[in-house]
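Participant: sequence plus predicted model, see below.
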Amino acid sequence: MTQGTDKMPAAAREDAAAGAPPIEPKGPAPATGLRRVLASPWLVFAGRRLFGVALVLVVLVGLTFCIVQLMPGDPARVAAGNNATPEQITQMQHDLGLDKSVAAQFGDYVSGLLKGDLGTSYTTEENVSDIIADRLPYTTELALLGVLVVLLVGVPLGMAVAVACREGRRRRLDGGFTLATGLVGSTPEYVLGTLLVLVVGIELGWLPVAGAATPDALVLPVIAVALGPVCTIARIVRRETAVVLAQDYMRTARGRRLPARRLYLRHALPNLLTSTLTVAGLLLAGLLGGTVVIESVFAWPGLGTRVVEAITLRDLPVIQGVVLVLGILACFLNLLIDIVLGLLDPRTLTGKAGP
């Protein structure tokens, strides 16, 4: 007892000598309600993702301005017309604000964005926001249908091939699938679109190849947009499904002779969705860029055809506005994929997802 009290502080020894109970050290204070809310994984996840989106948007604004400024040609000369005199071109440069320094032009651009003003077209004098509002529904329709085809065809196709070729079966089917999807998936969208126009539209005459006058005019553009991503997603799903099917719990489920529908839809599919959606988010964001290219091939009246016209005419506000809007859509599409991943696998909220 004496040896234990010798190691105590003087005040504690005095309390012990007086018969007072020893004072227990206090532990960490319990978290308050506010601290618990601030430490919520969903709140931390939302803050991290929103900060990332804001950072990407800042970079996107800078890049759109710089890339457009580096494009060759004089937009004032194009806007003034081929027969314009040097004085008229100089006046047009002043009217468009192109005689200012690059820093001043960037300041005007950012100031307009903060006010919700994307500027005015140099060639048609329309408000860029109105141009985008008129064309965006066509691009959205094409992109959403493309996404739907990618998910409804790519995921089942990859799962079916993985199931058919599991444990080394049907090697020829597996090899042919890998070769075909690799070849088509690596072919640029405009090449696929041109081939569809030549073969299906012109040679066979089955479907219209330009415009948006009839519903069947959507078929070829949607196929051209979705074909590459379908092949890529199918390959990813096939690989992930093969990994899932090799797990012990799947062997156990097969040993219990569960129905195929329950085995693959309830046990295999949920376990491969997380990794598949991670890559799908990148592919679907890239699909927006493919949509712009395909619109030009099929003369689809969306943002793609308008931005190609703007590039030809050096219509800087239209180029900047369209690229910015497409970039914002891609950012929020990736944010939506992150939210879905968080709902499917809460470990992704803290960055600890994995086996």
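Facilitator: Cool, got the structure. From a predicted model like this one, the values you see are computed outputs, not experimental measurements.
Participant: drop to CA atoms for contacts and neighbour counts, all remaining ones
Facilitator: OK.
Participant: now do the helices in the stretch 101-250 of the chain.
Facilitator: 102-114, 128-149, 155-164, 171-185, 189-196, 219-245, 248-255 (DSSP state H, counting those that start in this stretch).
Participant: how about those in JSON lines, adding distance to residue 271, mean pLDDT and mean neighbour count?
Facilitator: Formatted as JSON lines, these follow (distance: least, CA to CA, whole Å; pLDDT from 0 to 100; neighbours: other CA atoms under 10 Å):
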{"stretch": "helix 102-114", "distance to residue 271": "43", "mean pLDDT": "85", "mean neighbour count": "14"}
{"stretch": "helix 128-149", "distance to residue 271": "21", "mean pLDDT": "88", "mean neighbour count": "18"}
{"stretch": "helix 155-164", "distance to residue 271": "12", "mean pLDDT": "86", "mean neighbour count": "20"}
{"stretch": "helix 171-185", "distance to residue 271": "22", "mean pLDDT": "88", "mean neighbour count": "15"}
{"stretch": "helix 189-196", "distance to residue 271": "31", "mean pLDDT": "86", "mean neighbour count": "19"}
{"stretch": "helix 219-245", "distance to residue 271": "7", "mean pLDDT": "87", "mean neighbour count": "24"}
{"stretch": "helix 248-255", "distance to residue 271": "11", "mean pLDDT": "73", "mean neighbour count": "13"}
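Participant: mind putting those helices into CSV with distance to residue 279?
Facilitator: As requested, these are exported to CSV (distance: least, CA to CA, whole Å):
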stretch, distance to residue 279
helix 102-114, 32
helix 128-149, 13
helix 155-164, 12
helix 171-185, 14
helix 189-196, 19
helix 219-245, 8
helix 248-255, 24
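Participant: how about residue 83, secondary structure?
Facilitator: With DSSP: H, G, I helix; E, B strand; the rest coil as the basis, residue 83 sits in coil.
Participant: so what does it have for phi and psi?
Facilitator: Phi and psi for residue 83, reported as degrees, to the nearest 10, are phi -100, psi 10.
Participant: ditto for residue 314
Facilitator: The phi/psi pair for residue 314 (degrees, to the nearest 10) is phi 60, psi 40.
Participant: gap between the nearest residue to it once chain neighbours are set aside and residue 45?
Facilitator: Nearest residue to residue 314, sequence neighbours excluded (CA to CA, 6 or more residues apart in numbering): residue 75, at 5.0 Å. Taken as CA to CA, to the nearest Å, the spacing of residue 75 relative to residue 45 amounts to 44 Å.
Participant: ok, those two, which is more surrounded?
Facilitator: residue 75 (23 against 18; other CA atoms under 10 Å).
Participant: touching, that one and residue 312? I think so.
Facilitator: No - at 9.9 Å, residue 75 and residue 312 do not qualify as touching, with contact defined as CA atoms under 8 Å.
Participant: host element of the residue positioned nearest the centre of the chain?
Facilitator: Nearest residue to the geometric centre of the chain (CA atoms, centre = their mean): residue 285, 3.1 Å. Assigned by DSSP states H and E, residue 285 belongs to helix 269-297.
Participant: tell me the pLDDT of the nearest residue to residue 61 once chain neighbours are set aside.
Facilitator: Computed as CA to CA, 6+ apart, the closest residue to residue 61 that is not its neighbour in sequence is residue 324, at 6.9 Å. With respect to pLDDT, residue 324 scores 87.
Participant: residue 324 belongs to a helix?
Facilitator: Yes - Residue 324 forms part of a helix when assessed by three-state DSSP.
Participant: got the domain boundaries for this protein?
Facilitator: 42-114, 135-313 (automatic domain parsing).
Participant: any chance of a markdown table for those, columns distance to residue 336?
Facilitator: Converted to a markdown table, the domains of the chain look like this (distance: least, CA to CA, whole Å):
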| stretch | distance to residue 336 |
| --- | --- |
| domain 42-114 | 10 |
| domain 135-313 | 9 |
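Participant: out of those domains, nearest to residue 121?
Facilitator: Closest of the domains of the chain to residue 121 is domain 135-313, at 8.8 Å (criterion: CA to CA).
Participant: first-to-last residue distance for that closest one?
Facilitator: 18 Å.
Participant: repeat for stretch 250-262
Facilitator: 11 Å.
Participant: check what contacts it and list those residues.
Facilitator: 244, 245, 263, 267, 268 (CA atoms under 8 Å, 6 or more residues apart in numbering).
Participant: show me what contacts the residue nearest to residue 61?
Facilitator: Counted by CA under 8 Å, 6+ apart, residue 324 has contacts 60, 61, 64.
Participant: any idea how far it lies from residue 56?
Facilitator: 11 Å.
Participant: go on, residue 334?
Facilitator: Distance from residue 334 to residue 56, by CA to CA: 12 Å.
Participant: which of the two has more neighbours?
Facilitator: residue 334 (20 against 15).
Participant: burial check on the nearest residue to residue 137 once chain neighbours are set aside, number of neighbours?
Facilitator: Nearest non-adjacent residue to residue 137, counting by CA to CA, 6+ apart: residue 302, 7.4 Å away. For residue 302, the count of nearby residues is 24 (other CA under 10 Å).
Participant: how about residue 302, what does it touch?
Facilitator: 135, 136, 137, 138, 139, 292, 295.
Participant: could you measure from the third one over to residue 54?
Facilitator: If you measure residue 137 against residue 54 using CA to CA, the figure is 25 Å.
Participant: check contacts around residue 296.
Facilitator: Here residue 296 is in contact with 304, 305, 308 (CA under 8 Å, 6+ apart).
Participant: and with 6 Å instead?
Facilitator: residue 305 (CA atoms under 6 Å, 6 or more residues apart in numbering).
Participant: perfect, that will be all.
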